[in-house]
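K.L.:
this is a predicted model, with the sequence first.
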Amino acid sequence: MFVEGHLYSSVEVDGSKNPALELHYSKVESLTDPIIEKMVLSARSRRVPSLSPTELEIWNHFFFYQQKRVPDFFGEIEDIKNFPARIEEVLASLESEIGRPIPAHLRQQVTDEDAVERIKKDAIVGSLFDPATMVMEVLQARGLVIAVPRREAKSFVLGSNPMARMGTRNGSSLGNPEVELWLPIARDVAITPYGRPGEVQIIVLEDFQVRKVNQGIFSRSTMLASGSRDLIESLRAPR
């Protein structure tokens, strides 16, 4: 239900789709899949998984992309939401710089509906290729906490924006030590960057902590999925 074809393909001038980013994500996912399996199996038996520096680096890249690759994340970016207005701002700035109006036929090439959508899509794909060095440095400077619910009856939800961001009272940047960013990787396993570099911990979450993660995902997602209809209904009715 969350699949969207060619979501990460840029559009060439001739209308053809360039799947370079799709292929890059596929490679990252293939490398991360056995690491996720190791984490889940270890967490369920309450054992700390042995992760090599290379595996931790692969995980950090996967974690980073999971945060910014989803459409709900795009929807939070003001420049994306106001893209036509941003194009007009750029055109006005260019006209001011050159001292004359841009010819109508050239203006139309970047302001008609199809052109705006193509430029916006290419801008999004281009930004997703950006390795965001500062964010990666923050992730690499932390360890991992792998969390499981204390009670088997409790589970995490899957959201179209898959992460819960908490502790944002003093800013939402991951560089803020108060900020927690939680990513469920199974119905009963969630991960957050925390601790010393290279350190991996297993912790147990109480019911209210599991709910807090689920509420964080619910509040930022346009779609939600779970094996429990009752769980989703409970999130729709805040306590």
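P.N.:
Looks like it arrived, so ask away.
K.L.:
show me which residues of the helix or strand encompassing Glu37 are buried.
P.N.:
Glu37 is part of helix 20-44, with elements assigned from DSSP states H and E. Buried residues in helix 20-44, defined by neighbour count with 16 or more other C-beta atoms under 10 Å: 21-22, 25, 28, 31-32, 35-36, 39-40, 42-43. Just so you know, the C-beta spots here come from the backbone N, C-alpha and C atoms, and that holds for glycine as well.
K.L.:
and the spatially most central residue of the chain, what element?
P.N.:
In the chain, the residue lying closest to the centroid (C-alpha atoms, centre = their mean) is Gln67, at 1.8 Å. Element membership of Gln67, judged by DSSP H and E, is helix 53-68.
K.L.:
for the protein, which residues score under the pLDDT cut-off?
P.N.:
1-8, 11, 13, 73-82, 127, 129-132, 238-239 (pLDDT under 70).
K.L.:
repeat the analysis, applying 80 as the threshold.
P.N.:
Where the chain drops to pLDDT under 80, the residues are 1-21, 68-86, 109-110, 113-134, 169-177, 237-239.
K.L.:
on that earlier part again, name the helices or strands packed onto the helix holding Glu37?
P.N.:
Counting contacts by 3 or more C-beta pairs under 8 Å, 6 or more residues apart in numbering; DSSP states H and E, helix 20-44 packs against helix 53-68, helix 113-129, strand 144-149, strand 180-186, strand 189-193.
K.L.:
hmm, back to that, please tabulate the buried residues of helix 20-44 in CSV, including the columns distance to Pro71.
P.N.:
CSV is the format used below for the buried residues of helix 20-44 (distance: C-beta to C-beta, whole Å):
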residue, distance to Pro71
Leu21, 14
Glu22, 15
Tyr25, 14
Val28, 18
Leu31, 24
Thr32, 21
Ile35, 25
Ile36, 22
Met39, 26
Val40, 26
Ser42, 32
Ala43, 29
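K.L.:
I'd like to know which of these is nearest to Ser173.
P.N.:
Val28 (23.3 Å; C-beta to C-beta).
K.L.:
show me the contacts for the closest one.
P.N.:
58, 61-62, 65 (C-beta atoms under 8 Å, 6 or more residues apart in numbering).
K.L.:
now Gln201: how far from Pro103?
P.N.:
62 Å (C-beta to C-beta, to the nearest Å).
K.L.:
more neighbours: these two, which one.
P.N.:
Each of Gln201 and Pro103 has its neighbours counted (other C-beta atoms under 10 Å); Gln201 has more, 13 against 9.
K.L.:
same for the host helix or strand of the more buried one, what does it pack against?
P.N.:
Following DSSP H and E, one finds Gln201 within strand 200-205. Strand 200-205 is packed against strand 144-149, with contacts defined by 3+ C-beta pairs under 8 Å, 6+ apart.
K.L.:
go ahead and name everything in contact with the strand it packs on.
P.N.:
For strand 144-149, contacts defined as C-beta under 8 Å, 6+ apart pick out 39, 42-44, 46, 48-49, 51, 56, 59, 155-156, 182, 188-195, 199-205, 207, 209-210.
K.L.:
what do you get if the cut-off is 6 Å, keeping everything else the same?
P.N.:
Strand 144-149 is contacted from outside by 39, 43, 188-192, 194, 200-203, 205, 210, using C-beta atoms under 6 Å, 6 or more residues apart in numbering.
K.L.:
are any of those buried, and if so which?
P.N.:
The neighbour count (16+ other C-beta under 10 Å) marks 39, 43, 188-192, 194, 200, 202, 205, 210 as buried among the contacts of strand 144-149.
K.L.:
widest-spaced pair of those residues?
P.N.:
Once C-beta to C-beta is applied, the buried ones among the contacts of strand 144-149 give Val200 and Val210 as the farthest pair, at 20.3 Å.
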